[in-house]
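A.B. asks: Structure of the sequence below:
(chains A and B)
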Number of protein chains: 2
Amino acid sequence: MNLWLTRLKDPVPAGLKSPAELAGFELSHALPDTQVILREQPALNEGYRIEPLPGGFRITGGHTGLLYGAWRLIMDRLCGEASAAVIDSAPKYAMRMIDCWDNPDGTVERGYAGRSLFFRSGKLSWDPGRIRELGRLLASVGLNVLCVNNVNVHYPAQLLLEDDLPSLAALAEAFRPFGIRLMLSVDFSQPMRSGIPTADPLDPAVREWWKSAAARVWSVVPDLAGFLVKADSEGAPGPFAYGRTHADGANMLAEALRPFGGTVVWRCFVYNCRQDWRDYKTDRARAAYDHFMPSDGDFHDNVILQIKNGPQDFQVREPVHPLFGGLMKTNQMLEVQIAQEYTGQQKHVCYLMPMFKQILDFKTYMPGHEDATVADIISTRTLKNANGGIAAVANTGNDENWTGHDLAAANLFGFGRLAFDTTLDSESIAREWAELTFAGSTKTAIDAIVDILMRSWSAYEKYTSPLGIGWMVNPNHHYGPNVEGYEFDRWGTYHRANWRGIGVDRTTKGTGYTMQYREPNASMYEHVETCPEELLLFFHFIPYDYRLKTGKTLIQHIYDTHFEGAQDAADFLDTWKKLDGQISDKEAYARVLKRLEIQADSAIEWRDRINTYFYRHCGTEDEHGRKIYE
Amino acid sequence: MNLWLTRLKDPVPAGLKSPAELAGFELSHALPDTQVILREQPALNEGYRIEPLPGGFRITGGHTGLLYGAWRLIMDRLCGEASAAVIDSAPKYAMRMIDCWDNPDGTVERGYAGRSLFFRSGKLSWDPGRIRELGRLLASVGLNVLCVNNVNVHYPAQLLLEDDLPSLAALAEAFRPFGIRLMLSVDFSQPMRSGIPTADPLDPAVREWWKSAAARVWSVVPDLAGFLVKADSEGAPGPFAYGRTHADGANMLAEALRPFGGTVVWRCFVYNCRQDWRDYKTDRARAAYDHFMPSDGDFHDNVILQIKNGPQDFQVREPVHPLFGGLMKTNQMLEVQIAQEYTGQQKHVCYLMPMFKQILDFKTYMPGHEDATVADIISTRTLKNANGGIAAVANTGNDENWTGHDLAAANLFGFGRLAFDTTLDSESIAREWAELTFAGSTKTAIDAIVDILMRSWSAYEKYTSPLGIGWMVNPNHHYGPNVEGYEFDRWGTYHRANWRGIGVDRTTKGTGYTMQYREPNASMYEHVETCPEELLLFFHFIPYDYRLKTGKTLIQHIYDTHFEGAQDAADFLDTWKKLDGQISDKEAYARVLKRLEIQADSAIEWRDRINTYFYRHCGTEDEHGRKIYE
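C.D. replies: Numbers count the residues shown, from 1 in each chain, chains lettered A, B, ... in the order given. This next block holds a predicted model:
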């Protein structure tokens, strides 16, 4: 089985050398009765044109564009769409990346779909057929960079820069026909494992070490995309240890990579992870902006800052990160997470495209680009000299169905589609995915799947933490409800609930976080009246008896949404049960059924834990007399 | 260094064969100028008589009694006590046991003093000199049984019954001169690892397997004390799986062990560990009584039920277990824990003898034995045909100082002393230990140490969970505050705090647990007015504005005790700092200083977390205006 390419029965054969060859294979295999002329035109790069011809089509495209055009044609045809018009398309972002958090020992950090596809027993090791199928999947939705190892670089990941280079070269070669370039996560302190007593980015020996490391790696993988770096973050080493800025650190690497055309992707996920809960001044949400804004303009042009979608960490709801629109002179990349760390861990269905669309469409009011959305800001075309992109933490593993939950594959598919073309809408993507994946199922089934996907994010949000406050999960593994799980911990993730209300005051009277946004966003978030209610508790401490725009009190809203969310999860299960016999793939049907049962149970646990927590604090009865445990 | 035997500079030599030989060695070494005549009189068994003679003493004792007498004389003399009168002594309990929770891989479950003294890399492996010193320490306080492996029997612990028997025999031999017999924890499902398809205690093949296993083990360790069993408990296998009672299970083993004089020690720690927090009916505290009372009288006479001191799990304060005084026709053994799992994990000082004394002195009002205390009930002499004892979960490991915190050694010493003679008082034991351990220190120092020890349990109780409610610790590792850490978990450990109050109703209106006690205890606990206040929240749900006997409200009591407890911890540290230069062992001084610093910090964290938790629920200000974080 191969997810949304399930109708393509033959695996990709070994030995294909280029995207053009692959495009030829895929077309002849998927559309045997359609004549397609392929014409490579290098200047088009990743772009393509599809022109209907009598009895067939002509695809004109760049080196990889040709393959993308082929997939576009194949998938449209498989979905039964006629393509009578000429289609011109090219990706908006140069870098459309999957970040795999795979460790050399074969585990996957925040992996919910089995073990690593790339590593086993401390080194690179893979199933070639499986890698070809992965390449095919990623290429079919236009993804073009794969970071192969965890941003938390665990020993012996440095082997990727040293002993394991032949394997790395072979893996890069395996992905090359799919138009996918590899990237590597590197440990900023890596020179110290080679006998250099420091990792100070201004130390000549350190600079020399990285230059020769880059030369070594690019000599065997000449099209390596670059290095990804998590520095000074959650215990990872970084330039701060030497009194240097992140620009010092990133630029040092950028110089090492420049001769080879490599890019440094530098994460902005930097904050004090040893906070004291008694400290109301320090605000983790402020940290990345406070750290990086002073360096705006200091980064070399082959550095990209990779910024998480929100200021915390991939919660079910967060405001857009204020560095977007804040930074004016720095390449930026959006990082999202399709690994469902905080959104049900691929046990719950949670289709994330509606969330990603909201993020991409957010207007930052960057001076001089007042209409620019996040999607524009991270584009290579909007910001002058910019080199932007979009990345997602991967949700795949060596499970037979790749993503654990079959419906989670919609997030991989959707992310790729959206990264290629942010104008697509979530529902169309969902439908396209469902039609491809569940080809041969009834129309009722396809409609139901699209409905479940489209309601899933909202359902998950309803039965988990309310109104943007986030967290309330079990520490460490992050699955399941634990309202005070992070409330007194060191990670800067507090909700401050008491007998009066809940929420964090991030206005100018509180931590001042609101002022990191450009106007009018800053004022919008600053005032309770104008703050979008789905983010109310993120920005404000709100009493339980506060009336929302619906006329409901906050506490009644909490109760209502939690009953609704659990009911949604129950509905998904009911709906699925009614589809028995209507889904073409019976094994997939059974697997999804099992996960929906787990979700429905878990949603009840969430509902009751959250409702009880608040009831125990305020003692307010539910207006509708539903059961809230004491 | 060898703890309270620090003044004995020479290690025990290898090659001594019997307690009598050892007694001779210890006396000549410890009291070289005192003439002591040793006279073995087998009938005295573990008892002894010390008679002053002109210029010396005569000790008459049984096989091990002679050694105990020697230690008594040595320790009295080291403490400078004159022994002018004749002393007759014999232990009250036949079995004075240390339960080591050591795993074959060398880890120690709930071990806070390094790794195992007995196991390494999957098998028995030890330092012979260290074992002799351990034997010496245990013998010096009269302990006579050592269960060598964890009650949670982890693979490959069954090697103790099979492949590893020569090592087991050698270890038993090493302990023999110290009058210490080994015991083994066994896995009830062990026959299934030998190809038998069941562990049903009534299955003939199973019975045969255990008989031959016993024969095999006793053939190499003829004085093995017996088997310790944790069955049907926290996931461990047991007779319930086969629809059998615990009496069926224990008696089956008892029959296998009878030919060899072996005893089955069967734990009563049986409860539903998959409880739902929404279930207010099920009460973990009730479980052991409900499970075992119906079988009273059904157990063979070489079975002893090992009952934890309280109905939960070694919390800082619990009521005495209702099986004591409940069971009338069953051998019973008290299990306490000197491993400080829930009492500061040997980072905090918490001298437990005052707690143990309260437990031992508790009157159960068993019919026909109305004046009998727990100490009497578990004695071989009070209950007819009984075969009782007392056991403690060990607090030792391979740390150089044996117990991690130097002051934690007082618990090992004290437990042994108390197990031998329950009439001793806590403070005398503390003083004796301090004088022996810190010999050569100033009188001020000894007094201060005794003062810290005597205040330590109370201090710990004050800054942790209030009035007997227990828990409020971090899940799994159990160190440090987490008020809701177990509140919604599956372990049956809830405090039910809300905006009105806190506590569990275990009266007849609640779970009915109070009725497991004999009268007048049942009525005493049943009524708020007569319930001892230190256990108030264990038995009752109490509103925050309830007035305690001090006239304080419950909430003010919580605030006050938490400020006091943290201050106590700060005082211990201050006191210790003032002892600089007054403690003979400078390394021990420094180690204790470091732990007291950790404790003082941790006590503040406890204080603030608990106070904030309650403040956030009820909103009541501290009457004294001290800082309570919002």
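A.B. asks: What confidence value was assigned to the closest residue to chain B within the stretch 401-550 of chain A?
C.D. replies: Nearest to chain B, among the residues of the stretch 401-550 of chain A, is residue A:498, at 3.8 Å (CB to the nearest CB). C-beta here means a position set from N, CA and C on the backbone, and glycine is covered the same way. We have a pLDDT of 98 for residue A:498.
A.B. asks: What about it, how many residues nearby?
C.D. replies: Look at residue A:498: counted by other CB atoms under 10 Å in any protein chain shown, it has 20 neighbours.
A.B. asks: What's the end-to-end length of stretch A:26-39?
C.D. replies: 15 Å (CA to CA, to the nearest Å).
A.B. asks: for stretch A:340-359, that is, sorry about that
C.D. replies: 17 Å.
A.B. asks: for stretch A:260-272, same thing?
C.D. replies: Stretch A:260-272: ends 35 Å apart by CA to CA.
A.B. asks: Stretch A:407-427 now?
C.D. replies: 14 Å.
A.B. asks: pLDDT on that stretch, on average?
C.D. replies: For stretch A:407-427, the per-residue pLDDT averages 97.
A.B. asks: So which bits of that stretch are buried?
C.D. replies: Buried positions in stretch A:407-427, judged by neighbour count with 16 or more other CB atoms under 10 Å in any protein chain shown: A:407-420, A:422, A:426.
A.B. asks: Spell out which parts of the stretch 201-350 of chain A neighbour chain B.
C.D. replies: A:277, A:278, A:280 (CB under 8 Å from any CB of the partner chain).
A.B. asks: with those in mind, which one is nearest to residue B:301?
C.D. replies: Set against residue B:301, the nearest of these by CB to CB is residue A:277 (55.8 Å).
A.B. asks: Next, the contact list for the closest one, please.
C.D. replies: A:487, A:488, A:489, A:490, A:494, B:629 (CB atoms under 8 Å, 6 or more residues apart in numbering or on different chains).
A.B. asks: can you count the residues close to the first one?
C.D. replies: By the criterion of other CB under 10 Å, residue A:487 has 22 neighbours.
A.B. asks: ok, it touching residue A:504?
C.D. replies: No - counting by CB atoms under 8 Å, residue A:487 stays clear of residue A:504, with 11.5 Å between them.
A.B. asks: which neighbours do those two share?
C.D. replies: A:494, A:495.
A.B. asks: which stretches of the stretch 251-400 of chain A form helices?
C.D. replies: For the stretch 251-400 of chain A, the helices defined by DSSP state H, counting those that start in this stretch occupy A:284-292, A:353-360, A:374-377.
A.B. asks: neighbouring contacts of the shortest one?
C.D. replies: Okay, so that is helix A:374-377. In contact with helix A:374-377 (CB under 8 Å, 6+ apart) are residues A:92, A:320, A:324-325, A:332, A:334, A:359-362, A:364, A:366, A:369, A:382-383, A:388, A:422.
A.B. asks: Give me the neighbour count for the residue lying closest to residue A:490 once chain neighbours are set aside.
C.D. replies: Leaving out its chain neighbours, the residue that sits closest to residue A:490 by CB to CB, 6 or more residues apart in numbering or on different chains is residue A:274, at 5.1 Å. Neighbourhood size, residue A:274 [other CB under 10 Å]: 10.
A.B. asks: tell me the mean pLDDT for the lengthiest helix in chain A?
C.D. replies: Determined from DSSP state H, the single longest helix within chain A is helix A:586-618. Across helix A:586-618, pLDDT averages out at 98.
A.B. asks: Could you pull up the contacting residues of residue A:268?
C.D. replies: Per CB under 8 Å, 6+ apart, neighbours of residue A:268: A:288, A:291, A:292, A:305, A:306, A:307, A:308, A:321, A:323.
A.B. asks: ugh, wrong one, residue A:455
C.D. replies: Contacts of residue A:455 by CB under 8 Å, 6+ apart are A:568, A:572.
A.B. asks: and residue A:580, helix, strand or coil?
C.D. replies: Recorded secondary structure, residue A:580: coil (DSSP: H, G, I helix; E, B strand; the rest coil).
A.B. asks: and the closest residue to chain B within the stretch 501-630 of chain A, how many neighbours?
C.D. replies: Of all residues in the stretch 501-630 of chain A, residue A:616 sits closest to chain B, at 3.8 Å by CB to the nearest CB. Close neighbours of residue A:616, defined as other CB under 10 Å, add up to 22.
A.B. asks: In this structure it contacts residue B:502, no?
C.D. replies: No - taking CB under 8 Å as the definition, residue A:616 is not a contact partner of residue B:502, at 10.0 Å.
A.B. asks: Report the set of residues contacting both of those two.
C.D. replies: With CB under 8 Å, 6+ apart, residue A:616 and residue B:502 have no common neighbours.
A.B. asks: quick one: low-confidence ranges for the stretch 301-450 of chain A?
C.D. replies: A:380-387 (pLDDT under 70).
A.B. asks: Which parts of it are strands?
C.D. replies: All strands of the stretch 301-450 of chain A, identified by DSSP state E, counting those that start in this stretch, fall at A:303-308, A:332-337, A:389-393.
A.B. asks: show me the contacts for the closest residue to residue A:142 other than its chain neighbours.
C.D. replies: Leaving aside its sequence neighbours, residue A:142 sits nearest to residue A:420 (CB to CB, 6+ apart; 3.7 Å). By CB under 8 Å, 6+ apart, residue A:420 lies in contact with A:68, A:89, A:91, A:92, A:96, A:141, A:142.
A.B. asks: Return the member of those residues nearest to residue B:11.
C.D. replies: For the contacts of residue A:420, the nearest to residue B:11 is residue A:96 (69.9 Å; CB to CB).
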